[in-house]
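1. Provided below for reference: sequence and predicted model.
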Amino acid sequence: MSTSAANIRLCLDLAFTQSVDESRRWILSAMDRHGPGMVTMLWRILGNEHDVCDAYQQTFLNLAHYQQAGKVRPKNVQAYVFRTAANTAISILRRKQRRRQHLDTMAETKPLQQDVEPCDDLDAKLLQDKLRAAIAKLPNYLRDVVVLRDLAELSYEQVSNILGISAATARVYRSKAITLLAAIMAARSKVTE
Amino acid sequence: MISSRMKKQCKKLRASLVKKTIGKLSSTLWLQNHIAACPRCRMRIARVARVDFALTLLKSQPHSSDLPARANISAINVLKHSLRESPKADKLRQIESAGAWRQKCGAHIIPLAKTAACLAVILIIKLGVLSSMDNFCKQGSSAVEHYYARHLGQEYADEIFSA
């Protein structure tokens, strides 16, 4: 008698688990649909394959554990995954920068590249690193637009959908962000000079 | 001392920079003259151009072709067992980027395109030569027919050339 009750409970548990798993299949669909775009965006933000995999994994882990207002699925999956991925990537970028600064302080050395010459712009790696650092310093509302528009190469309509702003506002934010990036990069050059 | 006209032009250029990208700025005479005369605007444009250049550089760096698959594998590994074992997960593990496809096919596409171009050129030359030859034969025979018709009469010429 007790064995059959245990069996029934096991069957019910299995059925419940199956139904929960069925309801989570959309995560794989989201991965299929938005994965390649996210990888490209993360690669452009981070420039390191290991970090890209970490940020990507973290994003889908967050998505799998999504639970808000009794719902197990965000309203706009694309918005959720792109914003989470961008935020995770920026956190990784900032962490790395902090670590680098800390190491520089510990070793009491200055970066090898001290003088900024016009020919530095020809050093693609250096220029990209400067841009990444500048992007990490942008205020969130401007950074999101630059990351989604320029690095993920989404249209202004998609960006406005994801961020919940109008396309015109996204355009204005993007121009402001570029101006600010220019100023930050110029200031960084002066500091290192 | 900066004139008010100069200030206005600076403001106009700043507005244009906000609305458009560097590449889309119109190269009107006033703009060129202003940039030549105003060091601040020159610096402003140079800075924005630098950001544009850096963004282009970021976009132009491709990631390795297996990165999407590796990222998918790492993400799928932290999902529930039933999701990990589903056929869709297998498909996602073996996904390849569009760049990889291009890279694979690129090696074959270029020689194929070259061969096709060569064949097209040969075909065009052959068609041209053949049609010229045909034209030449027709014109020659009509000239000879005309000659016979003038010297022997149309009747004889028709008889000779209809045979």
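-> Good, I have the coordinates. It should be emphasised that the depicted structure is a prediction, and the values quoted were computed from it without experimental measurement.
2. residues in chain B within reach of chain A, list them.
-> Proximity of chain B to chain A, by C-beta under 8 Å from any C-beta of the partner chain, involves residues B:17-19, B:44, B:47-48, B:50-55, B:57-59, B:61, B:63-64, B:67-68, B:70-72, B:74-80, B:82-83, B:86, B:88-89, B:91-92, B:95, B:97-98. For the C-beta atoms, the positions are set from N, CA and C on the backbone; glycine is no exception.
3. Show me these that map onto helices.
-> Secondary structure from DSSP state H places B:17-19, B:44, B:47-48, B:50-55, B:57-59, B:67-68, B:70-72, B:74-76, B:82-83, B:88-89, B:91-92, B:98 of the residues of chain B next to chain A in helices.
4. Just the buried ones out of those, please.
-> Buried members of those, scored by 16 or more other C-beta atoms under 10 Å in any protein chain shown, are B:17, B:44, B:47-48, B:50-52, B:54-55, B:58, B:67-68, B:70-72, B:74-76, B:83, B:89, B:92.
5. okay, and for chain A, where does confidence drop off?
-> Low-confidence segments of chain A (pLDDT under 70): A:1-23, A:68-69, A:108-122, A:188-193.
6. doesn't residue B:61 make contact with residue A:128?
-> Yes. The pair residue A:128 / residue B:61 is scored as a contact, 7.4 Å apart, by C-beta atoms under 8 Å.
7. Contacts only, for residue A:138.
-> Neighbouring residues of residue A:138 by C-beta atoms under 8 Å, 6 or more residues apart in numbering or on different chains: A:146, A:177, A:180-181, A:184.
8. tell me the mean pLDDT over the helix or strand that residue B:11 is a member of?
-> Taking DSSP states H and E as the definition, one finds residue B:11 inside helix B:4-19. In this model, helix B:4-19 has a mean pLDDT of 76.
9. What residues of it count as buried?
-> Of all the residues in helix B:4-19, those buried under the rule 16+ other C-beta under 10 Å are B:9-10, B:13, B:17.
10. what's the answer for stretch B:61-69, then?
-> Neighbour-count burial for stretch B:61-69 [16+ other C-beta under 10 Å]: B:63, B:65, B:67-69.
11. what's the span of that stretch from first residue to last?
-> Stretch B:61-69 has its terminal residues 18 Å apart, counting by C-alpha to C-alpha, to the nearest Å.
12. that older thread, show me the two of the buried residues of helix B:4-19 that sit farthest apart.
-> Using C-beta to C-beta, the pair of those lying farthest apart is B:9 and B:17, separated by 12.5 Å.
13. for the helix holding residue B:11, packing partners?
-> helix A:167-192, helix B:29-37, helix B:39-60 (3 or more C-beta pairs under 8 Å, 6 or more residues apart in numbering or on different chains; DSSP states H and E).
14. To residue A:24, which of these lies closest?
-> For the helices and strands packed on helix B:4-19, proximity to residue A:24 was assessed by C-beta to C-beta; helix A:167-192 is nearest, at 32.0 Å.
15. ok, is the closest one in contact with chain B or not?
-> Yes. Helix A:167-192 reaches chain B (C-beta under 8 Å from any C-beta) through A:172, A:175-176, A:178-179, A:181-183, A:185-186.
16. So what's the gap between that helix and the chain middle?
-> Per C-alpha atoms, centre = their mean, to the nearest Å, the displacement of helix A:167-192 from the mean C-alpha position of its chain is 19 Å.
17. which helices and strands does that helix pack with?
-> Here helix A:167-192 is seen to pack against helix A:124-137, helix A:140-146, helix A:156-163, helix B:4-19, helix B:39-60 when contacts are counted using 3+ C-beta pairs under 8 Å, 6+ apart.
18. can you list contacts of the shortest one?
-> Here helix A:140-146 makes contact (C-beta under 8 Å, 6+ apart) with A:83, A:86, A:90, A:135-136, A:138, A:159, A:163, A:170, A:173-174, A:176-178, A:180-181.
19. Out of the helices and strands packed on helix A:167-192, which gets nearest to residue B:145?
-> Nearest to residue B:145 among those is helix B:39-60; the distance by C-beta to C-beta comes to 68.1 Å.
20. Run the angle between that closest one and helix A:124-137 for me.
-> Counting by axes from the mean of the first three to the mean of the last three C-alpha atoms, to 10 degrees, helix B:39-60 points 100 degrees away from the direction of helix A:124-137.
21. Helix B:39-60 relative to helix A:167-192, how many degrees between them?
-> Using the same axes, to 10 degrees, helix B:39-60 lies at 100 degrees relative to helix A:167-192.
22. Tell me the buried residues in the lengthiest helix in chain A?
-> For chain A, the longest helix by residue count, based on DSSP H, is helix A:77-107. By 16+ other C-beta under 10 Å, the buried positions in helix A:77-107 come out as A:77-90, A:92-93, A:96.
23. what about that helix, near chain B?
-> No. Helix A:77-107 lies out of reach of chain B by C-beta under 8 Å from any C-beta, never closer than 10.3 Å.
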